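Participant: Fold the following.
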Amino acid sequence: MNWFIKLLSSTLGRKLLMAFTGLFLILFLVVHLIGNLQLLKDDGGQAFNIYAQFMTSNPLIKAVSYGNYFFILLHIGLAIGLNRKNRAARGPESYAVSSGKSSHWTSRNMGILGTFILIFLVIHLKGFWYEMHWGGIATANYDGKEVKDLYAVVKEAYSQIWYVLVYVISMLLLAFHLWHGFSSAFQSLGLNHLKYNPVISFVGKAFAIIVPALFALIPIWMFLY
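Facilitator: Next up is the predicted model:
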């Protein structure tokens with residue numbers, strides 16, 4: 001335990017943990033997106049409900065999901081700590097690059113972007129995760145097996161224009177957060193190299209555009225159709 005405390009107390013250690021947790025959350029986004037894309041199937045929600053039942057009943061998946069919640073909180077805590085340390089180090093003076101000529105504005109506003117994403121996560125978890133576990137959700141029957149009809153909950157949420165707008169705007173903010181965060185994680189882990197940096201940058205930017213765009217497509221599609 002002492003090594004973990006020492007790791008958290010050093011700037012380098014915090015940056016490494018930020019990178020590891022960030023990459024884990026990026027992987028989670030991919031898995032979550034694959035599951036959510038089941039919502040676009042024209043089967044009355046069967047594929048999504050079966051997927052949701054599997055994800056909430058499999059012991060291994062449940063353990064990973066609880067680990068994911070821990071990593072989200074750790075990622076946020078590390079970000080707050082590093083931000084405060086950076087502010088204290090530079091004092092009243094701001095960075096020379098604050099004019100935006102030497103760094104992208106996303107790298108200078110990761111904290112603000114992360115804060116809005118956190119607010120969205122609270123709303124999102126209240127609307128779906130909380131309802132799934134403790135809400136009075138109706139059930140659906142597939143081949144004699146009853147599962148919670150979470151699709152109906154999602155459909156109801158995405159029929160409300162305010163929620164669709166909040167979701168889409170949040171995915172836009174997530175895209176900006178990932179735009180800097182993806183390549184920054186590799187850099188923090190020392191995996192950057194002149195030969196591979198262009199590839200990492202391209203993959204990161206593509207990921208930052210495609211994944212949030214597909215997430216945003218789901219509520220838009222369900223609202224319109």
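
Participant: quick one: the strands in the protein?
Facilitator: For the chain, strands defined by DSSP state E occupy the ranges 139-142, 145-148.

Participant: For the last one, buried residues please.
Facilitator: It refers to strand 145-148. 147-148 (16 or more other C-beta atoms under 10 Å). (C-beta placed from N, C-alpha, C; glycine too.)

Participant: got a list of contacts for that strand?
Facilitator: Residues from elsewhere that reach strand 145-148 (C-beta atoms under 8 Å, 6 or more residues apart in numbering): 49-50, 52-53, 132, 137-141.

Participant: So among those, where is pLDDT lowest?
Facilitator: Of all those, residue 132 carries the smallest pLDDT score, 80.

Participant: What's the local residue count around it?
Facilitator: 16 (other C-beta atoms under 10 Å).

Participant: What residues sit buried inside stretch 198-215?
Facilitator: In stretch 198-215, counting by 16+ other C-beta under 10 Å, buried: 200, 204-205, 207-208, 211-212, 215.

Participant: Which one of the residues you listed is nearest to residue 222?
Facilitator: The shortest approach to residue 222 among the buried residues of stretch 198-215 belongs to residue 215, at 12.3 Å (C-beta to C-beta).

Participant: And the closest one, how close does it get to residue 171?
Facilitator: 5 Å (C-beta to C-beta, to the nearest Å).

Participant: In a markdown table: the buried residues of stretch 198-215, plus distance to residue 43 and pLDDT.
Facilitator: Formatted as a markdown table, the buried residues of stretch 198-215 follow (distance: C-beta to C-beta, whole Å; pLDDT from 0 to 100):
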| residue | distance to residue 43 | pLDDT |
| --- | --- | --- |
| 200 | 38 | 89 |
| 204 | 34 | 92 |
| 205 | 34 | 94 |
| 207 | 28 | 96 |
| 208 | 31 | 95 |
| 211 | 24 | 97 |
| 212 | 25 | 97 |
| 215 | 20 | 97 |
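
Participant: export those residues to TSV and tack on distance to residue 38?
Facilitator: As requested, those are exported to TSV (distance: C-beta to C-beta, whole Å):
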residue	distance to residue 38
200	30
204	26
205	27
207	21
208	23
211	16
212	18
215	13
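
Participant: Please flag which of these sit within helices.
Facilitator: 200, 204-205, 207-208, 211-212, 215 (DSSP state H).

Participant: Closest one to residue 175 out of those residues, please.
Facilitator: In terms of C-beta to C-beta, no member of those lies closer to residue 175 than residue 212, at 4.1 Å.

Participant: Just to check, the closest one is in contact with residue 169?
Facilitator: No. Counting by C-beta atoms under 8 Å, residue 212 stays clear of residue 169, with 10.7 Å between them.

Participant: Now do the shared contacts for those two.
Facilitator: Both residue 212 and residue 169 lack any common contact, where contact means C-beta under 8 Å, 6+ apart.

Participant: Considering the buried residues of stretch 198-215, which is situated nearest to residue 35?
Facilitator: When the buried residues of stretch 198-215 are compared against residue 35 (criterion: C-beta to C-beta), the nearest one is residue 215, at 11.2 Å.
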